[in-house]
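[1] Please work out how this folds:
(2 chains)
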Amino acid sequence: MAHITPMAMLAKQMKSNRIVTGTKIPHPCGDPNLPIEADNTLRREIVKTAFKALQTGVSGPTVFVPDISYTSG
Amino acid sequence: MRLELANFPVKDVRFDGRTNYNGGVLEINREELAALALEDGRVVSAKFDVAFPGEQTRIVRVRDVVEPRLKLSGAGCVFPGILGPVETVGQGRTNRLSGVTVMTSAEYKRTILEGTAAGRTGFVDMWGPAAQLTPFGSTINIVFMLELRDGVSELEAHAAIQSAELRVAQRLGETTRETIAGDVEVFELFETDPSLPRVVYILGCRTAWHEPHSGVAFYGLPIRESLPTLVHPNEFLDGALTSDARRGGKGTFPCTWLWMNHPIVLGLLREHGKRLNFLGVILQRTRFESDFGKQVTAACASQMARLLKADGAVITRTGPSGNNFIDVMLTVQACERKGVKTVLLTPEWGGREGTELPLVFYAPEASAMVTTGSLEREIAFPAPSKVIGVGDTQLVELTAGDPSISPSTSFVGDKGFVQDGIDWWGGTKNTCRVY
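    I've put the predicted structure just below:
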């Protein structure tokens, strides 16, 4: 299982195995501040990172960080 | 910045004659104060009652509580940015009517019907087990019952309720203008013995971007999306910090009275030059919605503490939110890593029996914590002999979506039902025993 969450630190403490950093609690897999094309790219990057995490062997809570930048906190 | 806070204790409140303070007796002309509230076209009715400590009275639909104060000298007014221009307050002389509150019981037609952004109410018992949970079980409460016309937005409802309650409080404070104070306390961050430990107070506030008002306002400006702000503690005493006047109870937001009588701000001011050197208050917005935002606010607050050359930081938070607890814990961690020792003061979870996990997130650097009690204590509320409050007092909704309560009966409920029944800042008399 890959766990996409904007609160990766909490997921790590709760011992989730494959953690993927998402954007923000109300929209973990996207960013409504972005124009639609840029949002699509960002969403694809997060989901691709989740697929990569699923194919990676881990021996404990591991955080996978997609290549994204934030427009808000 | 030197502020003299002159104390005018109130022993009795009466509704006859003209509005006047004399020898500890506050007389109120209800028609005069109602007319003041009705100047705002959004207010359709304004009524007053009073409740004294020890009476078997329950006050319902409480949304905010204010202490009457008057700015006698110095820049600005009490509640700057709301009742007057934005001018830095905290110096000169301010009068306070102590032992008495303006407690607002207000009703309006909600447009947000559910979720955490909806308006909420709390209640106050003047006797029994719940009276000890809140400061307002032992104050004389002037209950200001306010109804707004329909078609008012959530933010307008906040503004209308707040404007009315603050103007009423200001009018009551005005009664002290020509009177000589019983006692005067002076608050000042004077130059002091450099060997005393340098202490800063990091005051974490739960706010949310999607709510009409962010829960806390600084000079009337809601602090949503803000980064940490450095505040002189005297500014609190002149009402620079206010709360969302739509939202009482549920322990989420301390009311305006508590911001004016903040126990940690007062405690640190009183110890300044004795046991410590109080550097100021860092007002920190918390409940960012990504690790990224949480790390930014933690880095920023801890850096501010380091720039102030703080040896230690007292850290607190508001709101029973697991989300904002992470921001606060990361702030503790960031301070400790920058060489600023911390103590975190917070209530804890732990379930009804206190046997579950007390904290939702933990950093090993948090090595000094003080509990202010459980968030989840259940209370048996006895039946009152009198219920005071605006509108229908037979059935009262506390939180949108939760079952209503029947205030004239006895029932079992949460301590968060009580206005300021959850202690964020250590102001109430909780004790802990190990069995």
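
[2] where along the chain do the helices fall?
    All of this is about chain A. Per DSSP state H, chain A carries helices over the ranges A:8-13, A:36-54.

[3] Not quite, go with chain B.
    Under DSSP H, chain B gives helices at B:30-38, B:154-174, B:233-237, B:256-260, B:263-271, B:291-307, B:322-337.

[4] Return the nearest residue of chain A with respect to chain B.
    Chain A approaches chain B most closely through A:Gly73 (2.2 Å), counting by Cβ to the nearest Cβ. All C-beta atoms are positioned from the backbone trio N, CA, C, and that covers glycine.

[5] my read: that residue touches B:Arg287, true?
    No. In this structure A:Gly73 lies outside contact range of B:Arg287 using Cβ atoms under 8 Å: 10.0 Å.

[6] Please report the separation between the first and final residues of stretch B:146-155.
    With Cα to Cα, to the nearest Å as the measure, stretch B:146-155 spans 16 Å from end to end.

[7] which non-adjacent residue is nearest the residue of the stretch 201-350 of chain B found nearest chain A?
    Nearest to chain A, among the residues of the stretch 201-350 of chain B, is B:Gly293, at 2.2 Å (Cβ to the nearest Cβ). Excluding the flanking residues, the one nearest B:Gly293 by Cβ to Cβ, 6 or more residues apart in numbering or on different chains is A:Gly73, at 2.2 Å.

[8] returning to that earlier point: which residues does the residue of chain A closest to chain B contact?
    A:Lys24, B:Glu225, B:Phe288, B:Glu289, B:Ser290, B:Phe292, B:Gly293, B:Lys294, B:Val296, B:Thr297 (Cβ atoms under 8 Å, 6 or more residues apart in numbering or on different chains).

[9] ok, now with 10 Å
    With contact taken as Cβ atoms under 10 Å, 6 or more residues apart in numbering or on different chains, A:Gly73 is in contact with A:6, A:24, B:209, B:225, B:227, B:285, B:288-297, B:327.

[10] in chain B, which ranges drop under the pLDDT threshold?
    By pLDDT under 70, the low-scoring segments of chain B are B:251.

[11] so of the helices of chain A, which one's packed in deepest?
    Most buried of the helices of chain A, by mean neighbour count (mean count of other Cβ atoms under 10 Å in any protein chain shown): helix A:8-13, with a mean of 19.

[12] thinking again about what came up before, the residue of the stretch 201-350 of chain B closest to chain A: neighbouring residues, count only.
    B:Gly293 is flanked by 22 other residues according to other Cβ atoms under 10 Å in any protein chain shown.

[13] now B:Thr286
    B:Thr286 has 28 nearby residues by other Cβ under 10 Å.

[14] That one contacts B:Asn324, doesn't it?
    Yes. Contact criterion Cβ atoms under 10 Å: B:Thr286 and B:Asn324 qualify, at 4.1 Å.

[15] what residues do these two have in common as contacts?
    B:Gly204, B:Cys205, B:Arg206, B:Thr207, B:Lys294, B:Arg317, B:Thr318.

[16] Check these and tell me the two furthest apart.
    Greatest spatial distance among the shared contacts of B:Thr286 and B:Asn324 (Cβ to Cβ): B:Lys294 and B:Thr318, at 16.1 Å.

[17] what does chain A put close to chain B?
    Residues of chain A found near chain B (Cβ under 10 Å from any Cβ of the partner chain) are A:5-11, A:13-14, A:21-28, A:63, A:68-70, A:72-73.

[18] If we use 8 Å, what do you get?
    Residues of chain A that fall close to chain B, judged by Cβ under 8 Å from any Cβ of the partner chain: A:6-10, A:13, A:21-26, A:70, A:72-73.

[19] so which of the residues you listed would you say is closest to B:Ala240?
    Nearest to B:Ala240 among these is A:Gly73, at 24.6 Å by Cβ to Cβ.

[20] Look at the closest one and report its pLDDT.
    With respect to pLDDT, A:Gly73 scores 89.

[21] quick one: it from A:Asn33, how far?
    As judged by Cβ to Cβ, to the nearest Å, A:Gly73 and A:Asn33 stand 12 Å apart.

[22] try B:Arg377
    The gap separating B:Arg377 from A:Asn33 is 41 Å, by Cβ to Cβ.

[23] which one of the two has more residues nearby?
    More neighbours surround B:Arg377 than the other of B:Arg377 and A:Asn33, with 17 against 13 (other Cβ under 10 Å).

[24] I figured that one hits B:Phe417, correct?
    No. Counting by Cβ under 8 Å, B:Arg377 stays clear of B:Phe417, with 10.9 Å between them.

[25] Excluding covalently adjacent residues, which one is nearest to residue 12?
    Assuming you mean chain A. Nearest non-adjacent residue to A:Lys12 (Cβ to Cβ, 6+ apart): A:Pro61, at 4.5 Å.

[26] please go with chain B instead
    With Cβ to Cβ, 6+ apart as the criterion, B:Asp12 has its nearest non-adjacent residue at 4.7 Å, and that residue is B:Val25.

[27] Check A:Thr71 too.
    Distance criterion Cβ to Cβ, 6+ apart; nearest residue to A:Thr71, sequence neighbours excluded, is A:Asn33 at 4.2 Å.

[28] got a pLDDT number for that neighbour?
    Note for A:Asn33: predicted pLDDT of 95.

[29] Surely it touches A:Ser72?
    Yes. At 6.3 Å, A:Asn33 counts as touching A:Ser72 under the criterion of Cβ under 8 Å.

[30] if we can go back for a sec, save the helices of chain A as JSON lines, and put in mean pLDDT and distance to B:Thr111 too.
    What follows is these, written out as JSON lines (pLDDT from 0 to 100; distance: least, Cβ to Cβ, whole Å):
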{"stretch": "helix A:8-13", "mean pLDDT": "96", "distance to B:Thr111": "33"}
{"stretch": "helix A:36-54", "mean pLDDT": "98", "distance to B:Thr111": "29"}
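
[31] can you give me the strands in the stretch 301-435 of chain B?
    Using DSSP state E, counting those that start in this stretch, the strands found in the stretch 301-435 of chain B span residues B:312-316, B:341-348, B:369-374, B:378-381, B:386-388, B:411-414.

[32] tell me the most buried of the ones you listed?
    strand B:312-316 (a mean of 24).

[33] pull the CA atoms of it into CSV?
    Extracted in CSV, the C-alpha atoms of strand B:312-316 (Å, rounded to 0.1, in the frame of the first residue of the first chain):
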residue,chain,number,x,y,z
GLY,B,312,13.2,29.8,27.3
ALA,B,313,9.8,29.8,25.7
VAL,B,314,6.4,29.0,27.2
ILE,B,315,4.3,27.5,24.4
THR,B,316,0.5,27.0,24.4
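
[34] what sits up against it?
    B:197-204, B:264, B:268, B:305, B:328, B:331-332, B:335, B:340-346, B:424-426.

[35] Considering only those residues, which also neighbour chain A?
    Among the contacts of strand B:312-316, none lies close to chain A by the criterion of Cβ under 8 Å from any Cβ.
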